[in-house]
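Trainee: what shape does this take:
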Amino acid sequence: MSMDHIRSIRRKFDDAGLELNSYNASFKDHFTDEEIARGFETAHALGVPAITSSAHVNSVPRIADMAARYDMPVAMHNHSPVDPNEFSGPEDFDRAIAQGDGRTIAANLDIGHFVAANHDPVRHLAAHHDQIATIHLKDRRRDEGPNTPIGEVLRMVRDGQWDIPTNIEYEYPGDDTVSEVRRCFDFCRNILGARHTTGPKGATDACTRQTCDHRRRRARQVVGPLLGRAARGHTGAGAICDPIRRLCASSSRSF
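Mentor: Next up is the predicted model:
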């Protein structure tokens with residue numbers, strides 16, 4: 001795929017009034033240096049400020065070097081199954097960030113997975129918000145189930161005025177994707193005490209439904225349909241700048 005084609009994709013987002021805050025490229029140990037570099041070239045062509053990555057821990061030194069070369073941070077995404085070569089807890093983030101230069105490696109904090117792996121996302125956010133490039137919202141319970149402090153995290157980001165994009169990850173089995181993401185979106189707005197978007201009657205906490213077994217899935221993240229032109233301060237059904245600067249909607253599907 002040519003970089004001209006990648007840039008044409010970016011123009012489609014611009015024309016739709018959608019802001020891209022990151023590009024996902026999950027670098028693994030078997031990736032060649034050229035394949036890792038391609039991820040950064042693609043991110044630059046898309047005009048995003050950061051890469052998010054469900055990377056292998058062992059690949060961090062190569063990723064950090066490449067991030068410095070391309071002047072673009074990589075935010076490591078955590079998962080709940082504890083694998084020594086995957087990111088799961090705060091110590092994994094700390095070790096990876098220490099291998100960078102203070103700019104190259106950051107965290108993509110998935111608060112659902114963090115809880116499911118028996119860690120505290122609220123405590124981690126309070127102590128390390130300056131190292132977090134983006135947040136994923138989903139509902140999980142300790143020991144691999146649902147129930148996560150979504151509201152407390154959202155309010156902390158808002159009240160701290162931290163410039164952290166906060167993404168809804170729609171991963172539970174649902175009906176129409178747009179309607180289901182809108183229900184999750186309304187749930188988050190309710191938490192923040194904001195005006196409802198125009199959504200289906202009875203939108204409540206669909207965001208807290210049972211999520212899928214992530215050990216058997218890998219997701220592709222796309223910017224959802226509800227942002228409207230919010231990131232640029234415009235009004236409309238998707239305008240969300242009032243409660244939190246950038247609340248993004250993501251739709252994740254296995255493939």
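Trainee: wait, a helix at residue 157?
Mentor: Yes: counting by DSSP: H, G, I helix; E, B strand; the rest coil, residue 157 is located in a helix.
Trainee: quick one: contacts for the residue nearest to it when sequence neighbours are not counted?
Mentor: Spatially, and ignoring its direct neighbours in sequence, residue 157 is nearest to residue 164 (5.4 Å; Cβ to Cβ, 6 or more residues apart in numbering). Just so you know, the C-beta spots here come from the backbone N, C-alpha and C atoms, and that holds for glycine as well. Counting by Cβ atoms under 8 Å, 6 or more residues apart in numbering, residue 164 makes contact with 129, 132, 133, 134, 135, 157, 246.
Trainee: of these, closest to residue 117?
Mentor: residue 135 (15.7 Å; Cβ to Cβ).
Trainee: nearest spatial neighbour of the closest one, skipping sequence neighbours?
Mentor: Spatial nearest neighbour of residue 135, excluding adjacent residues (Cβ to Cβ, 6+ apart): residue 166 at 4.6 Å.
Trainee: likewise residue 40?
Mentor: Here the residue nearest residue 40, using Cβ to Cβ, 6+ apart, is residue 70, at 4.0 Å.
Trainee: quick check: the one you found vs residue 31, distance?
Mentor: 15 Å (Cβ to Cβ, to the nearest Å).
Trainee: swap in residue 129?
Mentor: For residue 129, the distance to residue 31 - Cβ to Cβ - is 30 Å.
Trainee: and residue 188, by the same measure?
Mentor: 34 Å.
Trainee: which one of the two has more residues nearby?
Mentor: residue 188 (22 against 19; other Cβ atoms under 10 Å).
Trainee: give me the element that one is part of.
Mentor: If you go by DSSP states H and E, residue 188 is part of helix 177-191.
Trainee: tell me what that helix is packed against?
Mentor: helix 150-160, strand 166-170, strand 247-254 (3 or more Cβ pairs under 8 Å, 6 or more residues apart in numbering; DSSP states H and E).
Trainee: direction included, what does the shortest one pair against?
Mentor: Paired neighbours of strand 166-170 in the sheet (DSSP bridges): strand 132-137 (parallel), strand 247-254 (parallel).
Trainee: comparing the ones you listed by mean pLDDT, which bottoms out?
Mentor: Lowest mean pLDDT of the strands paired with strand 166-170: strand 247-254, a mean of 47.
Trainee: quick check: mean pLDDT across stretch 183-192?
Mentor: 92.
Trainee: before we move on, what about stretch 104-114?
Mentor: For stretch 104-114, mean pLDDT rounds to 96.
Trainee: put the alpha carbons of that stretch into PDB.
Mentor: These are the backbone C-alpha positions of stretch 104-114, laid out as PDB (Å, rounded to 0.1, in the frame of the first residue of the first chain):
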ATOM      1  CA  THR A 104       9.700   7.400  22.900                       C
ATOM      2  CA  ILE A 105       7.800   4.800  25.000                       C
ATOM      3  CA  ALA A 106       4.500   5.600  26.700                       C
ATOM      4  CA  ALA A 107       1.400   3.600  28.000                       C
ATOM      5  CA  ASN A 108      -1.900   2.900  26.300                       C
ATOM      6  CA  LEU A 109      -3.800   2.100  29.500                       C
ATOM      7  CA  ASP A 110      -6.600  -0.400  29.000                       C
ATOM      8  CA  ILE A 111      -8.500   0.000  32.300                       C
ATOM      9  CA  GLY A 112     -10.600  -3.100  31.800                       C
ATOM     10  CA  HIS A 113      -7.700  -5.400  31.200                       C
ATOM     11  CA  PHE A 114      -5.800  -3.700  34.100                       C
END
